[in-house]
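Student: Kindly return the folded structure for what I paste below:
(chains A, B and C)
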Amino acid sequence: MGRYILRRLLQLIPVFIGTTFIIYSLVWAIPGNPFAGLCGPRGCPPSFVEQMTEQYNLDKPLPVQYVLYLGQLFQGNFGETFNGIEVSTLIQNAYPVTIKLATIALVFEAVIGIAAGILTALRGKGFVDNLVLAATLFLIAVPVFVSGFVIQVVLGVQLDWINPSVGSDPTIGELLIPGFVLGSLSMAYIARLTRTAMFENKRADYIRTATAKGLTPRRVVSVHMLRNSLIPVITFIGTDFGALMGGAIVTEGVFNIHGIGGLVYQAINKQEGVTVTGVVTLLVLVYLLMNLLVDILYAALDPRIRYD
Amino acid sequence: MSATDDNTGGSPGARLLEVEDLHVEFRTRESTASVLNGVSYHVDAGETLAVLGESGSGKSVTAQAVMGILDTPPGFVTKGSIRYRGEELLTATEERRRGLRGENMAMIFQDALSALNPVYSVGFQIAEQFRFRRGMSRRDAMTKAAEMLDLVKIPNAKQRVKEFPHQFSGGMRQRAMIAMSLALDPDLLIADEPTTALDVTVQAQIMDLLDELRRERGMGLILITHDLGVVAEVADRIAVMYAGRVVEESDAESLYARPAHPYTEGLMASIPRLDQKGEQLASIKGLPPNLAAIPAGCPFHPRCHRAQQECREKLPELHELGAGRRSACHFAEELISSD
Amino acid sequence: MTESTETRSVGERTTSPEAPAADERENRQSTKQVGLWGDAWRDLRRRPLFVISGVIILLLLAIAAFPGLFAPGDPQAQDLSLAREGPSAQAWFGYDVLGRDIYTRVIHGARASIVVGVLSTLVAVLIGSFVGLLAGYFGGKTDSFLARFAEIFLGLPFVLGAIVILSVFNAGIEGSPGTVRVMTQVILTIGVLAWPISMRIMRSAAIAAKQQDYVNAAKALGASHSRIIFKHVLPNCLAPVMVYATIALGQFIGLEATLSYLGLGLTSPVVSWGMMISDSQQYIISTPHMLLFPAGFLVITVLAFVMLGDAVRDALDPKQK
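Tutor: Numbers count the residues shown, from 1 in each chain, chains lettered A, B, ... in the order given. Got it, this is the predicted structure:
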């Protein structure tokens, strides 16, 4: 087990370097002059350019710049924006909000998605099944910026049930609806995944064996069918947490939530490369670690998986 | 052969199970297949009935109907009767039928690897019955589970009880399956192709184990197989099925001596025998019939080398031939007398 | 292959409802690829989901190809006196804030969405399938290397990655970028970020296919790698990738709209649904039809492709029957 985790950790390193290097080179290298448009129409003062060039080693070749940047990053130094604000402070302010939002989304999608999936599988083909399938199709087909926008206008502006613009330091209650919107797509996937797995396992030989042993239908479903069906669902939920953090950008934009997504979107518009690379690096790290966690969890859930 | 037996448990010779004129249809969106078309057989306490036939002949479906684990849909029992110790099962409540499963009748399946739940230990799956049917504590149930593994001669049972199905070899897995089926001490055991997935040497061991356990416990055993060779040693009586019907029923000895149905003849001719070394093995030509469109007359006639005009027109009834033998062939009498 | 298999499958279904169907499928795949697709087609024609989505998609393709036939007007024609007017007999979908006919604009917006959707799917699926096929077939070191390489792109959050890439490329352009350039950028961005998914699908299909006996037989007979890959392995891996491609097409259309909504995708004078939705934001209360119609078309389009993918998957997968 320990060796397995170690091996997976080692495998993460090239992936982490690859992903962050791509982002780094995109942000710093491609547009040519990294200061173009950064300081407004008059251009940046030479002293600033000089200071930045030195601080971020912009005169050195790209790989060297990148390695030096990573080195700084691992010492906890995310750098400063043009206005002199520490990027790490920005992240500290924004991250808790996004984690809250993603967690709410995850709870919604897991609870509703799994419940819907189980319900359809138990009822068999028929009205409930068709209803859930239609609902998942609809959730998949409506882009988040449309559903978020409509919900914001209807619930927030017309019915006045929620605060349409959440603002900084939101409460859990304020994040419920945005969390629901954020999780809606994955909710549909989880419902379908659970449904498919349950339908497949329903006809599995070991379910027939369990029935032949004279176990109650409740036990057959809740112990034998569910455990096997939830393995793929749980791995999906794990990977999704990493994806939700980076995917919250649109939802945060619609509801004006000051989270990671909002931060990075503003940074891109203001061309604050330091903030963008810092945040994205962090997101990539979270995503990869969640994937690792899922792999380990998977091995723990399914005894057939060997750690070799 | 083991035609007579020293029974220890139950009342030897008591009628355990009677299946009578059982009809089952499989209904799909496209078509309806008549999978069982009037199956009748019975099993007494302490005896082994071998049910023989090609895949698709309805042997397993009959067993599933008896156990009450037929997948519905697509399977529907449309007619007939299944009686356990005289009690009609087809009209019994689901709760009553569930009570009988495991406790009075149990079943073991062909592929133990897929029939055991991969994510639970073997011990857990055996102990489950003690915990939820007998109200035992988790710990006591596990001890009992280890005892059951010991009973089926799995070495090192105390350790192995914690292992998962994929960690067992094929033969050991089938033993574990048998242990699981016997946990609640049923008096009827249905073994659906218990050795088909195993090596030949292991096959014999499993067969011996089943035979021994049946004798010790005085159980009735229904042995479903497509392999006439497998059952030769252990079967008291044999029912041969074809296209959802029993076409021949006989004590094992007479059947081996002289089959009363051309289909049984064909099955026997396809067993390799030591005294016929070097000769080409016979096989039954053609394929089993499409169950959605069973041919008129005798369903076997398109493959039968004895088929006459009568066979194409008239469905032969399963009729008595004397001495407990029955056959569904128009020419059964000729078959057993001629030579 | 017709009558006899039928017989068997019905008969064997009595023992285990799943096994025979899988066997049957294997048989068909090894002997005749046509059988699987032919069967799927026969099955598909009877599915209402397929028929409905098929009709919608054909209609959308027609609209994208010949928008003038459906809406002869000019999508840019403005008449400020008509601004924000609701749906009427003259203008079925009403007018936007600049007095442009929303129906005409929605019809003309279809082309951009469909073109981006189709081309980005092609890019993603072609790259992904090729890499996945190599990784799955050769296995070992090739596989680990390609799998890590794919993970690099999977590690980038999808929307965020697209925003970074597009903003960087947009920033490099002086003035307003040309339509073709922006479209190419969006297509390549989606393709680059999405290819690892089809790579994974193709990879596992290839691993399953290469273990089949007929592949071993071909190897034993000395067939070259390329012959085995394209003749034996690829045909057996197409089904799952096709299903993914259909569903992905719908999702990419939604993604393109999201990017246009964020101001990173298509810009005026090209008409696109995402832009129209974005434009409607400030006027949603007074002019809800500005949102309703482009969003409705977008949702129906995505829905049609996802439904088609569902139907195809069900038809190709015997377990679902």
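Student: how about residue C:146, what does it touch?
Tutor: By CB atoms under 8 Å, 6 or more residues apart in numbering or on different chains, the contact list for residue C:146 reads C:131, C:134-135, C:199. No exception for glycine: its C-beta is placed from N, CA and C like everyone else's.
Student: Quick one: the residues you listed as CSV, columns for distance to residue A:214, secondary structure and neighbour count too.
Tutor: What follows is those, written out as CSV (distance: CB to CB, whole Å; DSSP: H, G, I helix; E, B strand; the rest coil; neighbours: other CB atoms under 10 Å in any protein chain shown):
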residue, distance to residue A:214, secondary structure, neighbour count
C:131, 51, helix, 21
C:134, 51, helix, 19
C:135, 47, helix, 25
C:199, 47, helix, 29
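Student: In TSV: the residues you listed, plus pLDDT and distance to chain A.
Tutor: Converted to TSV, the contacts of residue C:146 look like this (pLDDT from 0 to 100; distance: CB to the nearest CB, whole Å):
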residue	pLDDT	distance to chain A
C:131	94	15
C:134	91	18
C:135	91	15
C:199	92	14
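Student: isn't residue C:142 right up against residue C:133?
Tutor: No. Residue C:142 lies out of contact with residue C:133 (CB atoms under 8 Å); the separation is 11.1 Å.
Student: who has more neighbours, these two?
Tutor: Higher neighbour count among residue C:142 and residue C:133: residue C:133, with 23 against 13, using other CB atoms under 10 Å in any protein chain shown.
Student: how close does the more buried one get to chain B?
Tutor: From residue C:133 across to chain B, the span is 30 Å (CB to the nearest CB, to the nearest Å).
Student: Please spell out the segments of the stretch 101-250 of chain C that come in under the pLDDT threshold.
Tutor: Residues of the stretch 101-250 of chain C meeting the criterion pLDDT under 70: C:171-177.
Student: Widest-spaced pair of the contacts of residue C:146?
Tutor: Farthest pair in the contacts of residue C:146 (CB to CB) is C:134 and C:199. Separation: 9.5 Å.
Student: Tell me, how many residues neighbour residue 245?
Tutor: Since you didn't name a chain, this refers to chain A. Neighbours of residue A:245 using other CB under 10 Å come to 25.
Student: that's the wrong chain, I wanted chain C
Tutor: 24.
Student: can you pull the buried residues of the host helix or strand of it?
Tutor: Secondary-structure element containing residue C:245, defined by DSSP states H and E: helix C:234-261. Buried positions in helix C:234-261, judged by neighbour count with 16 or more other CB atoms under 10 Å in any protein chain shown: C:234, C:236-261.
Student: helix or strand right after it?
Tutor: Once helix C:234-261 ends, the next helix or strand along the chain (criterion: DSSP H and E) is helix C:273-280.
Student: and residue C:113, which of the three is it?
Tutor: Assigned by DSSP: H, G, I helix; E, B strand; the rest coil, the conformation of residue C:113 is helix.
Student: Settle this for me: it is touching residue C:299, isn't it.
Tutor: No. Contact criterion CB under 8 Å: residue C:113 and residue C:299 do not qualify, at 11.7 Å.
Student: Tell me which of those two has more neighbours.
Tutor: Taking other CB under 10 Å, residue C:113 and residue C:299 do not tie; residue C:113 has more neighbours (27 against 20).
Student: I'd like the distance from the helix holding residue C:245 to the chain centre, please.
Tutor: Between the centre of helix C:234-261 and the centre of its chain there are 3 Å (CA atoms, centre = their mean, to the nearest Å).
Student: what residues does the stretch 201-339 of chain B put near chain A?
Tutor: Residues of the stretch 201-339 of chain B that fall close to chain A, judged by CB under 8 Å from any CB of the partner chain: none.
Student: quick one: the helices in the stretch 201-339 of chain B?
Tutor: For the stretch 201-339 of chain B, the helices defined by DSSP state H, counting those that start in this stretch occupy B:228-231, B:252-257, B:262-269, B:309-313, B:332-337.
Student: In the third one, which residues are buried?
Tutor: Right, the one you point to is helix B:262-269. Buried residues in helix B:262-269 (16+ other CB under 10 Å): B:262-268.
Student: what does the last one give?
Tutor: Of the residues in helix B:332-337, those with enough neighbours to count as buried (16+ other CB under 10 Å) are B:332, B:335-336.
Student: Likewise for the shortest one?
Tutor: Of the residues in helix B:228-231, those scored as buried under the neighbour-count criterion (16+ other CB under 10 Å) are B:228, B:230-231.
Student: count of residues packed around the residue lying closest to residue C:259 once chain neighbours are set aside?
Tutor: Nearest residue to residue C:259 in three dimensions, chain neighbours excluded: residue C:265, at 3.7 Å (CB to CB, 6 or more residues apart in numbering or on different chains). Residue C:265 has 27 neighbouring residues, counting by other CB under 10 Å.
Student: State the distance from residue C:265 to residue B:37.
Tutor: 65 Å (CB to CB, to the nearest Å).
Student: need the residues of chain A near chain B, please.
Tutor: Residues of chain A found near chain B (CB under 8 Å from any CB) are A:203-206, A:208-216, A:219, A:223-224, A:227-228, A:231, A:301-304.
Student: mind redoing it with 10 Å?
Tutor: A:124-125, A:201-217, A:219, A:223-225, A:227-228, A:231, A:301-304, A:306 (CB under 10 Å from any CB of the partner chain).
Student: Can you say which of those residues are buried?
Tutor: A:201-202, A:204-215, A:223-225, A:227-228, A:231, A:301-303.
Student: still on that earlier bit, which residues are in contact with each of residue C:113 and residue C:299?
Tutor: C:254, C:257, C:273 (CB atoms under 10 Å, 6 or more residues apart in numbering or on different chains).
Student: List the contacts of the second one.
Tutor: With contact taken as CB under 10 Å, 6+ apart, residue C:257 is in contact with A:143, A:145-146, C:109, C:112-113, C:116-117, C:265-266, C:272-278, C:294-295, C:298-299, C:301-302.
Student: swap in residue A:19?
Tutor: Residues near residue A:19 by CB under 10 Å, 6+ apart: A:280-281, A:283-285, A:287-288, C:151-156, C:161.
Student: out of these, who's nearest residue A:160?
Tutor: Set against residue A:160, the nearest of the contacts of residue A:19 by CB to CB is residue A:283 (34.5 Å).
Student: Please state the offset of the helix or strand hosting that closest one from the chain centre?
Tutor: Using DSSP H and E, residue A:283 sits within helix A:273-301. On the basis of CA atoms, centre = their mean, the separation between the geometric centre of helix A:273-301 and that of its chain is 9 Å.
Student: State which helix of chain A is the longest.
Tutor: Counting by DSSP state H, the longest helix found in chain A is helix A:87-123.
Student: What residues of that helix count as buried?
Tutor: A:87-88, A:90-91, A:94-95, A:97-106, A:108-110, A:112-114, A:116-121.
Student: Show me what residue of the stretch 1-150 of chain A gets nearest to chain B.
Tutor: In the stretch 1-150 of chain A, the residue that lies nearest chain B is residue A:124 (8.7 Å; CB to the nearest CB).
Student: Pop out the phi and psi values for that residue.
Tutor: Per-residue torsions, residue A:124: phi 80, psi -180 (degrees, to the nearest 10).
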